[in-house]
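**Q** my questions concern the predicted model and sequence given below.
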Amino acid sequence: MSNKKSDTSFLVQGSVLAIASIVSRVIGLVYRIPMTNIIGEYGNDYYSCAYEIYSMMLLISSYSLPMAVSKMVSTRMAKRERENAYRVFKGALLIAIVFGTICCIIVFFGAGFLTRLFQTPLSYYALRVLAPTLIIVAVLGVIRGFFQGLGTMVPSAISQVLEQIVNAIVSVGAAWVLYGYGTRIAAVLGGDQHYAEAYGAAGGTLGTSTGALVGLLFCVFVFLSYFKTLKKGIKRERKMGTGHPESFGTIMRILLMTIIPILLSTTLYNLVSIVDQGLFKNLAIAQGNDSDTVSLWWGVYSGYYRVLINVPISISTALATSSVPALASAFAKGDSAQVRRRIGLSMRFIMVIAFPCTVGLIVLADPIMKLLFNTTTGLAGHLMMTGAVSILFYSISTLSNAVLQGIDRMTIPIRNAIIALVINIISLPISLYVFHLGIYSMVAANIVFSLVMCILNGMSLKKYSGFTPNITKTFVKPAIASVIMGVIVYGVYFGIVHTLKSNAAATVVAILAGIISYAVILLLVKGLTEEELKSFPKGTTLIKIAKRFHLLK
């Protein structure tokens, strides 16, 4: 019984982080609507370019730190080595400050060169605003990783939501103020340069910096509150002589040996977006498209399609984050059966979410884009209909990446990511030059990359952990429930839109109908058991409701 509780407890923590991620993404969607209306498609392009470069430097400076820290802290806490866990925290903090500062200097002083490299020189202002955030996020990641290693996702979840709320408020306000400032500069300088959009994009990135700072301050407060308890535990260890202190040099060496493989795999896994941006823009311009058209395409792709598609993918990222400490702890104890059970639970949980999100975004692609972004061009919706299937592949590959790292197969995701990236790089020019797909080449390349990663990671999981998913429960039943849900959603939307002539009302009601119908159908086909429902937030309440409507026996 204790094993079952242990197996589902990390899912509860993952659910907490997943809910926070969803809330954060929804807030992100909400504030992007007025911000996009302020800065426009060109501003979206400048914002996206700056953010992609920033994200790349973030990968190098600190992206791997939370996972590495959580993994090392969880293994030491499983052995009741609080002092060593604290030494891991201090070592990681030093690495974060050093690497974060170096990357901050590179981005701040190299902003001009980097933005010209991506054919988007007016991203310069937004990128320089983002530079100090690299230090803030690096330190924030270490504190979050420490608490994740202790088995609690609450500080990470709350700080995420706080960070995004502040981000939303400051981004919209600063974008509006700086857009006006840029308009005045453009009037003085003349010409057709988009200074207003460039300065507006810089205002958007100011929100990112401010939000991260608020998230850091909250996590520091929580850590200081916990610090007394930690110190008492360390003193008790020393008094009883149960601890086996590791030297600071040993800790740093293990940290670096843990960070580097995670850094390489996450960098390569996330490198696809920045490689694709640079490659696509240069190839598209060389093909004969003018820079304004390419910028407009990228603004729609990055500002509409990718913002929305990242919402469901963030759920798998959250669960992957929560699964690493639990898997590392089980793996350290040599409990291979528990490792496989936890992988299976995580995979099923993600597929229960990913399938309906995929189908829902395909069916309601245009209506959702019109509702959220007030866009009538149709391009954003068509991109979503074409590329929503990548949600499934990215969800599986994100989780499997984390699982392989959790069971100490650090180099496997690196190898798989290199293969997938090479295939992605080959597929992009083929889509652009041979099939003349334009911006749809980006969607095709993303699908290819995520599918290859999904297949390679799946093969590696089976080889190194012995895990084989239950095909029917993990994939078939959620797929059946999602397809039926899609038919219902389609009927509800078009029934209401033809009656009330309101896209907003039809979309909202169709989404609600989709949520309810999917839950009912999934339970009817026995896609979730009562035990699994308990691992959901408010699981007991959900079980009572399901039993009241005779959906569970």
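**A** Everything's here; your move. Only a predicted model underlies this, so the values are computations on that prediction, with no experimental measurement involved.
**Q** any low-confidence regions in the stretch 401-550 of the chain?
**A** Applying pLDDT under 70 to the stretch 401-550 of the chain flags residues 535-539.
**Q** quick one: the helices in it, in order.
**A** 411-429, 440-465, 471, 477-500, 503-524, 530-533, 539-548 (DSSP state H, counting those that start in this stretch).
**Q** and the fifth one, what does it pack onto?
**A** With contacts taken as 3 or more C-beta pairs under 8 Å, 6 or more residues apart in numbering; DSSP states H and E, helix 503-524 sits against helix 336-363, helix 365-373, helix 477-500. Every residue, glycine included, has its C-beta placed from N, CA and C.
**Q** tell me the buried residues in the first one?
**A** Spelled out, it's helix 336-363. For helix 336-363, a neighbour-count test (16 or more other C-beta atoms under 10 Å) marks 338-363 as buried.
**Q** kindly list the longest helix within the protein.
**A** Ranked by residue count, the top helix of the chain under DSSP state H comes out as helix 2-58.
**Q** return the distance of the helix or strand just after it from the chain's centre.
**A** Note on helix 2-58: by DSSP states H and E, the next helix or strand toward the C-terminus is helix 65-78. On the basis of C-alpha atoms, centre = their mean, to the nearest Å, helix 65-78 sits 20 Å off its chain's mean C-alpha point.
**Q** tell me the mean pLDDT for helix 65-78?
**A** For helix 65-78, mean pLDDT rounds to 82.
**Q** what of stretch 201-213?
**A** 91.
**Q** one more: stretch 289-309?
**A** Per-residue scores along stretch 289-309 average to 85.
**Q** show me which residues of that stretch are buried.
**A** 289, 294-309.
**Q** and if you look at stretch 113-125?
**A** 114, 115, 118, 119, 120, 121, 122, 123, 124, 125.
**Q** with stretch 166-173 instead?
**A** Within stretch 166-173, the residues scored as buried using 16+ other C-beta under 10 Å are 166, 167, 168, 170, 171, 172.
**Q** closest to residue 239 out of the residues you listed?
**A** Residue 239 lies nearest to residue 166 out of those, by C-beta to C-beta, at 42.9 Å.
**Q** any figure for the gap between the closest one and residue 131?
**A** 19 Å (C-beta to C-beta, to the nearest Å).
**Q** what's the closest non-adjacent residue to the residue nearest the centre of the chain?
**A** Nearest to the mean C-alpha position of the chain, counting by C-alpha atoms, centre = their mean, stands residue 314 at 3.9 Å. The shortest distance from residue 314 to any non-neighbouring residue, by C-beta to C-beta, 6 or more residues apart in numbering, is to residue 21 (4.1 Å).
**Q** pLDDT value on the one you found, please?
**A** Residue 21 is assigned a pLDDT of 71 by the prediction.
**Q** ok, it to residue 28 distance?
**A** Counting by C-beta to C-beta - residue 21 and residue 28 are separated by 10 Å.
**Q** between those two, who's got more neighbours?
**A** The residue with more neighbours, out of residue 21 and residue 28, is residue 21; 27 against 19, by other C-beta atoms under 10 Å.
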